[in-house]
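Q: the sequence and its predicted three-dimensional model are supplied below.
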Amino acid sequence: MITSTRELNVWDAPLSGINLVEASAGTGKTWNIEALVIRLLLTRELLPKNILVVTFTDAATQELRERILNRINQVYEVISDASVELNEDPFLSECRTRYGGDVQAIKSLERSKSEFDEASIYTIHSFCKNVLNDFSFEAGVDREINILSDSKLLIDEVIADYWRRMNQRLSRPENQIFSGLLLNDLTLDKIKKLFSEFTVQMHTRIDLVEDKTPAVWSGWSIDAKLDDFRARMQQLQTIWATEEAEIHKQLVETKINNNDYSKNFEKWKPDVIAFLEDPFMRLPKNYTEKFTQGFLDNRKPKNWAGPLPDHKFFQLLEDAIEMTKWMVQYELRTALTSLKTEYQTRRKRDQVLIYDDLLTSVDDALNESVNPAKATLLRKKLLDQYPVAMIDEFQDTDRVQYSIFRQIYVQDGAPENTLLYLIGDPKQSIYKFRGADLKTYFEARNEAKNHFTLSRNYRSAQNLVSAVNAVFDRDGSFIDAELAYINSDAHHQENPYFNDQESHEALRFIEIDTESSNKGESTSDLVAWVTQSIASQLQLSMDSKAGIKDEKESTGTRPIDAGDIAVLVSKHFQAKLIRESLTDIGIPCVETGDSNVFTSEESGLMSLLLECINDSRNLRKIRALLSSALFGMDVEEIESFENNDISWSEWIQNLNTSKELIEKYGVLTGIRHLFEVYALEQRLISNYYGERSITNIRHLTELIYAEEIKHHRSLSGIIHWLKAQRLSESKSEDSMKIRLESDDNRVKIVTMHSSKGLQYPIVYAPFLWDASWSKAGNNVCYDEVMDENGRITFTRKMDIGDYLNPNTSALSKLESWEDRIRLMYVAFTRAQYRCYVPYSCYKDNMISPMFGALVKSNVLDSDAFGRENYLEIVTGKVNPLGKEVPKDGVLSILMAKLAEKHSGLVYFESISSVDPAEPIKLDSEPKVIRVELFSDSNVSKLIPERSITSYSSIHRKYDQYETGAERIRDEEADIEYEESGEASPEIFRFPKGAHTGNLWHEIFELIDFSDDALHDGIVEASCIKHGFDPDVAKKLIKQLIQDTLGARLQGGLGSVGDSEVGRISRSSDGVSDMGDFSLSSLSPDHKLCEMEFLYRYDAAKMDSLIASLFAGEVERGSELDSGRHLEGDASEKNHFLVGLIDLIFEKDGKYYILDYKSNHLGFSKKDYTFDRIAEDIRKNKYNLQYYLYSAALNKYLSKQIYNYSYKEHFGGVFYLYWRGLTSGQSNGVFYDMPDEKVVMNLSKDIIHGNDTSTQPNINKSHQSDLFQGGDS
């Protein structure tokens, strides 16, 4: 137990020694890690590479990396420039006070920024991999480590081989009596399941719980046990065959068990015979135990003075049943142990590692008994490299992980300046099924020199924090006596949530009395209540009767959006129930969390699409595809489509064309063809889940493409792989997890495990009453062992005998119960303002997490209530509230007491069952549940229609406003020009049209501007792909590349109209301020090709902008039809603007947009003067295009660069007309610096991006890092 704990203050915290920080939920753990890193950089003058930060997931490491770099940038700004605002940040204020103007501190941060790419921020697996790579000699491993990312095939191979050998062994004549094992407890599927759970725990070096050996076999060898078992079964068979009548007589004459044997002997007899013939055959309902001595002794009649049944058969049968149970355990333990050994042997033979081998390899390398020659040397080198370590999410560690850091930082011999921070919250240890070991946390806590806490909650309002304290601030609230609760207080004293129909209590328990013992009916009523409550929240918000107050403005409020609400569930089927119920009444919702994109509906659609492409003759699958969400046809439309010969022929031809494209150019090209021909994304976006569908499809397409490239799969191979991924039950990688960027304004349905680390204004937790045991990790428990000094240690073991050994399974169930109480704590602490906990009265409420957290403080002798009492509850032996209290009424008593004791903080009420006849009345008693559909008008507010548009479609929209001038079409158009009499360069004779534009764009996307070593190969491959003869085209394209990369980017400053957009401030010399700059000097890390963007936009404001832009071209007096927006009424739709910027590059801290044009303006370089290009830009309205592009880039850069300034960081726009370019000259080049005011208005008022997204922050001295990640 912690004896002395104090609040952590980053400025006073020790910078050496072993320190543990227990950070309760929402208390700013990551903020403190950032601050400690900054202090270490400034105080100990360390570099980012010397501070080891380890956290749980790849996503968490990325977030930490971004936040720490952002913090370094902020601190650097405030201590180096006294004019930089502090934005009321107390940490920045303290940094300025301590280090403002300090030259050494400024230099330290400058160097930290410049070397931040080397920052040591890892997951535990990536850290161990680096150790084995960087210190392979000391670790005693090969330098080249081959990591097996998917071990399923190897595991399946090992299991199949073992099961085959076991089949042969148990099928021998002498082992015939054991053959039933192969059909019941030792099936291939059973062993696969057990071994898959075992491998999760294997790297922790877990032991198996060994079942107690039958007393008669004590000290015997396995061969002796087997021989004895065979003999006993033979003896039992002989006794039954010869003495059945005597056995029957004894049972009947004693009138045992109320004469049951006289009535049921013939009914139960077949089970005995079946057991004697095959003792390992498991029957649906086995009556064999009714013939055992122990059973008979416990059921003698009252006042019976005569002899009891004592035939030797009864005791022999009881012994045999006990032996069969032990035999099953023995075979399972033997199987798992043998499989583990063989699995490790084959990995060593094949010289491959799985990810968990990384941990055990490092642990062994640091262990002097395993690696005596080099362990000390490895530790010294690691301490030299990482004198400081911070282990985040330490409550999720396991024994091997802690052993690694213990051997580096805790064992004797560590230098005095060694620093280790262990940061976590044992109350949030919920990943037992992944190997998390809370007992290891407690052992590490005992070894830490200093104990700190973080108790100020920055997430939730004070009344909610106090209510959570009321639930958990009691002895035994987490069952485990080691886990003490520390009260929190809140930074936000006022709760901004208001609801005119509810009282002010933030934690609200709602008991739903269904008057039914059926769990399914109870669940249905809970789902109905949650749906009605969410509907009520949103309806009241629309009526201004509920909302969230603006904390900064006392009079300001905002409505409650669907995106403010989260429903936390335990299992995926519960998520499905909630989603379907919300969807039925038109409330937008989405399942989020660790869901695998291969389990999504879109995965099935992509599989079906690829199958139809692969076989266009399969009419059944084609009809299924046409009726799917991708095409959305009903039966009549499909029938009409099939009967239209022309349409059907075109459809089949497009499928075949897609197949040909896949065979020639890859799967992406074929998929893109169908999506473009049938405008599938535009069709999907108009659907209810359109944004989510498009996000999933794009995600799946990326994964399919990556698999195709990595393993060179054909179309059939891709289809097979995709099906395998959809059926796989293995743990998904981060790359497979569903992306969440399109779900901002939907109710989030999240598993409680996935919600950890997240927060939501309003939370519903409707399944905390569910007492079903989690299968994952349920077979892991701890044995307490006291050493000779009286110190208790814990041995972590895996119990494989739940269904056979109720005593050991009770221990693992108790561990699972504790785990679910901690999960309840996580659920409560996700809420910022309101947490609703509806529950149903059910007979198993007594083993629910709600009961477990409250029971000890409500029993008569709570001081004596301990672990044994909880075990009695788990096994159903006792009701601690008394026999007179019905099991389905225990929560009613505890909740009522809780609400009474903490009146004003905790709310409790009981609601009657569903009554469809009356609507819910939130302010009347008794309250009843009713789900009503939202009206169409309200649904439209929640789920706006959507449309996608682009510059091209905006362009076409306003073609009607052209004046008499003949319009020049876009760059890929086949425009005829009259040739001059003089000879023209070959570039002007290059074919016109879309194919040429596509070819040239692809080449300039792929080539390295500063190195031509690979140019020939890229040109040749691209020519073949786009249907050009490389022998003919290569020379022309090489000249084009030379002219493009060598052209001087010093074009005239544009002025393309007299409107507001056209009035551009010219520089004094009328050209861009680029000097002799050309693209050939651009290195790859200073450019970004083909940056795609997708933003919402306001159609009405876009109309106004375009009217202004084209003011000189629209006939005087005419106006744009205000009722005709780009794709419909802006009040009814969400409009999405998509675009693809050819090139963004950085020079001298400024970012430029560059767009290529293959437009054919004539057959002479003289046709590509600035004035001629400006005219083409005006007529094609490219000025609208580059203003939209500028606004998109401006919005992106403002999130990337700390203290971003348009004037300081945005350089302008170039248009390069390929056919007019000449190396060393500036003809064919157009440049403009878009008006800042217009760009800012576009960014703020017209284009609405996702302001909550997190992107890397770019520091001033290394802004080119923006391009390190490739695509944006």
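A: Great, that's in hand. As the structure is a computational prediction, the values presented were derived from the model and not from experiment.
Q: list the helices and strands the longest strand along the chain packs on?
A: As assigned by DSSP state E, the longest strand anywhere in the chain is strand 1133-1147. Strand 1133-1147 sits against strand 945-950, helix 994-1006, strand 1087-1097, helix 1099-1109, strand 1150-1157, helix 1182-1200, with contacts defined as 3 or more C-beta pairs under 8 Å, 6 or more residues apart in numbering; DSSP states H and E. Bear in mind the C-beta positions are built from the backbone N, C-alpha and C, glycine included.
Q: sheet partners, orientation included, of it?
A: If you go by DSSP bridges, strand 1133-1147 pairs up with strand 945-950 (parallel), strand 1087-1097 (antiparallel), strand 1150-1157 (antiparallel).
Q: quick check: mean pLDDT across the last one?
A: Averaging pLDDT along strand 1150-1157 yields 93.
Q: quick one: that strand to helix 1182-1200, angle?
A: Going by axes from the mean of the first three to the mean of the last three C-alpha atoms, to 10 degrees, strand 1150-1157 is angled at 150 degrees with respect to helix 1182-1200.
Q: just the second one next, same as before
A: Angular relation of strand 1087-1097 and helix 1182-1200 on a 0 to 180 degree scale: 100 degrees, by the same axes, to 10 degrees.
Q: strand 1087-1097 to helix 994-1006, inter-axis angle?
A: Going by the same axes, to 10 degrees, strand 1087-1097 makes 120 degrees with helix 994-1006.
Q: number the residues from 10 up from this point.
A: Sure, I'll start numbering at 10, so the last one becomes strand 1096-1106.
Q: could you show me where the helices are in the stretch 660-809 of the chain, in order?
A: Secondary structure of the stretch 660-809 of the chain (DSSP state H, counting those that start in this stretch): helices located at 676-686, 689-694, 699-720, 724-736, 761-764.
Q: same list, those, but as CSV with mean neighbour count please.
A: Shown next, in CSV, are these (neighbours: other C-beta atoms under 10 Å):
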stretch, mean neighbour count
helix 676-686, 18
helix 689-694, 19
helix 699-720, 18
helix 724-736, 16
helix 761-764, 20
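Q: out of the ones you listed, which is closest to Asp21?
A: Among those, the nearest to Asp21 by C-beta to C-beta is helix 761-764 (33.3 Å).
Q: re earlier: now render the helices and strands packed on strand 1142-1156 as a markdown table, adding distance to Ile77 and mean neighbour count.
A: Formatted as a markdown table, the helices and strands packed on strand 1142-1156 follow (distance: least, C-beta to C-beta, whole Å; neighbours: other C-beta atoms under 10 Å):
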| stretch | distance to Ile77 | mean neighbour count |
| --- | --- | --- |
| strand 954-959 | 37 | 18 |
| helix 1003-1015 | 33 | 18 |
| strand 1096-1106 | 24 | 18 |
| helix 1108-1118 | 38 | 19 |
| strand 1159-1166 | 24 | 21 |
| helix 1191-1209 | 16 | 22 |
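Q: among the ones you listed, which is nearest Ser871?
A: Set against Ser871 and scored by C-beta to C-beta, the helices and strands packed on strand 1142-1156 come closest in helix 1191-1209, at 53.7 Å.
Q: pull the distance from the longest strand of the chain to the chain's centre.
A: In terms of C-alpha atoms, centre = their mean, to the nearest Å, the centre of strand 1142-1156 is found 27 Å from the chain centre.
Q: helix 699-720 and that strand, what's the angle between them?
A: If you take the same axes, to 10 degrees, strand 1142-1156 sits at 40 degrees to helix 699-720.
Q: dump strand 1142-1156 to PDB, keeping only the CA atoms.
A: In PDB, the C-alpha atoms belonging to strand 1142-1156 read as follows (Å, rounded to 0.1, in the frame of the first residue of the first chain):
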ATOM      1  CA  LYS A1142     -27.200  19.900 -47.900                       C
ATOM      2  CA  ASN A1143     -23.600  19.500 -46.700                       C
ATOM      3  CA  HIS A1144     -21.500  20.400 -49.800                       C
ATOM      4  CA  PHE A1145     -18.000  18.900 -50.100                       C
ATOM      5  CA  LEU A1146     -15.200  20.500 -52.200                       C
ATOM      6  CA  VAL A1147     -12.600  18.100 -53.400                       C
ATOM      7  CA  GLY A1148      -9.400  19.000 -55.200                       C
ATOM      8  CA  LEU A1149      -6.000  17.700 -56.200                       C
ATOM      9  CA  ILE A1150      -3.000  20.100 -56.200                       C
ATOM     10  CA  ASP A1151      -0.300  19.100 -58.700                       C
ATOM     11  CA  LEU A1152       2.600  20.300 -56.500                       C
ATOM     12  CA  ILE A1153       3.300  22.100 -53.300                       C
ATOM     13  CA  PHE A1154       6.900  23.100 -52.700                       C
ATOM     14  CA  GLU A1155       8.900  25.000 -50.100                       C
ATOM     15  CA  LYS A1156      11.600  27.600 -50.600                       C
END
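Q: follow-up on the earlier one: any chance of the helices and strands packed on strand 1142-1156 in a markdown table, plus distance to Asp237?
A: Output for the helices and strands packed on strand 1142-1156, formatted as a markdown table (distance: least, C-beta to C-beta, whole Å):
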| stretch | distance to Asp237 |
| --- | --- |
| strand 954-959 | 74 |
| helix 1003-1015 | 75 |
| strand 1096-1106 | 73 |
| helix 1108-1118 | 86 |
| strand 1159-1166 | 83 |
| helix 1191-1209 | 75 |
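Q: so where is the stretch 260-409 of the chain shaky, pLDDT-wise?
A: Regions of the stretch 260-409 of the chain meeting the criterion pLDDT under 70 cover residues 264-268, 291-294, 309-315.
Q: nice, that's everything, thank you.
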